[in-house]
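Peer 1: All I have is the shape, not the residue letters:
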């Protein structure tokens, strides 16, 4: 785990755990390539939080579009973040919204490189 942490120091512990399990069978010389691909494609929780906060000034749903959830994005957009309730929930769950997508991405990249 420490090897991948050197390449991806910005990851929190939970994300580092699933990334480490994704790359456990990857040769050391491919970790740098994995890290570059993962950094460029991962959904950053802070971006999801910032775009969620835009829902409080009337631009709700952008975070859902970024996460690839176009239907929810449209629902949030036309209902004001489901009358702010969905936006409030997303403010507290912004990390949980990104983890499944990033986990799938990590395993997909590792399979491609491995």
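Peer 2: Cool, the structure landed. Everything quoted here is computed from the prediction, not taken from an experiment. Numbering: from 1, shown residues only.
Peer 1: wouldn't residue 35 be in contact with residue 4 here?
Peer 2: Yes. Under the criterion of C-beta atoms under 8 Å, residue 35 makes contact with residue 4 at 7.2 Å. In short, each C-beta sits where N, CA and C put it, glycine included.
Peer 1: The two - which one has more neighbours?
Peer 2: Neighbour totals were compared for residue 35 and residue 4, and residue 4 leads with 22 against 18 (other C-beta atoms under 10 Å).
Peer 1: what's the more buried one in contact with, if anything?
Peer 2: Listed by C-beta atoms under 8 Å, 6 or more residues apart in numbering, the contact set of residue 4 reads 16, 19-20, 23, 31, 34-35.
Peer 1: Also residue 113?
Peer 2: By C-beta under 8 Å, 6+ apart, the contact set of residue 113 is 26, 30, 33-34, 37.
Peer 1: related to what we said a few turns ago, make a markdown table out of the contacts of residue 4 and add secondary structure.
Peer 2: Below are those laid out as a markdown table (DSSP: H, G, I helix; E, B strand; the rest coil):
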| residue | secondary structure |
| --- | --- |
| 16 | helix |
| 19 | helix |
| 20 | helix |
| 23 | helix |
| 31 | helix |
| 34 | helix |
| 35 | helix |
